[in-house]
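In: Build me a model:
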Amino acid sequence: MVRKILVAVDGSESGERALGKAIEEAKKWDADLHAIYVVESGLFSSLPMDNTLEVIYSLLEKEGEDLLAESRAQAESAGVSLNTHIRQGHAGSEIIALAEELSADLILLGSHGKSEVDRLLLGSVTDYVVRHSRITTTVVRT
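Out: Numbering: from 1, shown residues only. Presented below is the predicted three-dimensional model:
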C-alpha cells in the first residue's frame, strides 16, 4: 500500500511525465502527494559568493517556485492535493532526505533533465537516487 508519494520536478519533459504518473498513483492509492524542486547549489559551492551567484540562485529558486505552483495547479485540476517543497544542495541527496523525512513509500522522477547539460547532471541525480534510496523508486522515461 502506498500512502505517501514524492515526485521530483525540474521542468523537463521526463519530469513532467513523472508528475503525471505521480498524480495517477496518488489517485489510485488515495495517497498524499509531495513534489520537490532542488536548486542544485552544489555546482556553485567552490565559487565565492558574489552578486552574480546570488542573482543566479534567485533565478533558479524563482524557476522552482513557478514550476511547483504549476505542478500544484495540474494536480488540483486532477482532484489531487499537492504539497510542495523547495530545497537547495545536491539534488539526489535532497530528494532522498525529504523522502525519508516524509516517510514516503514511493519516489518518482524523470529519467533525464531538460537540456544536454541538465541531462548529464540530472541523469546522474536519477542514478544517485536509484542507487542510494531505500525507498521504492520509479524512473519515468520520456
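In: mind checking how far stretch 67-79 is from the chain centre?
Out: 14 Å (C-alpha atoms, centre = their mean, to the nearest Å).
In: no, scratch that, I was asking about stretch 106-115
Out: Using C-alpha atoms, centre = their mean, the offset of stretch 106-115 from its chain centre is 7 Å.
In: Now the terminal residues of stretch 102-110, how far apart.
Out: 20 Å (C-alpha to C-alpha, to the nearest Å).
In: Need the contact partners of that stretch.
Out: 1-8, 10, 12-19, 21-22, 25, 31, 34, 95-96, 98-99, 122, 125-126, 129, 133, 135-142 (C-beta atoms under 8 Å, 6 or more residues apart in numbering). Where C-beta positions appear, they are placed from N, C-alpha and C, glycine not excepted.
In: Do a quick rundown of the helices in the protein.
Out: For the chain, the helices defined by DSSP state H occupy 13-29, 51-77, 91-102, 116-132.
In: These into a markdown table, with extra columns for mean neighbour count, mean pLDDT and distance to residue 109?
Out: Shown next, in a markdown table, are those (neighbours: other C-beta atoms under 10 Å; pLDDT from 0 to 100; distance: least, C-beta to C-beta, whole Å):
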| stretch | mean neighbour count | mean pLDDT | distance to residue 109 |
| --- | --- | --- | --- |
| helix 13-29 | 20 | 96 | 5 |
| helix 51-77 | 14 | 90 | 13 |
| helix 91-102 | 20 | 96 | 7 |
| helix 116-132 | 16 | 74 | 6 |
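In: In TSV: the ones you listed, plus distance to residue 84.
Out: Formatted as TSV, the helices of the chain follow (distance: least, C-beta to C-beta, whole Å):
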stretch	distance to residue 84
helix 13-29	11
helix 51-77	4
helix 91-102	11
helix 116-132	18
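In: Please name whichever of the ones you listed is nearest to residue 40.
Out: Nearest of the helices of the chain to residue 40, taken as C-beta to C-beta: helix 91-102 at 5.3 Å.
In: pLDDT at residue 134, what is it?
Out: We have a pLDDT of 96 for residue 134.
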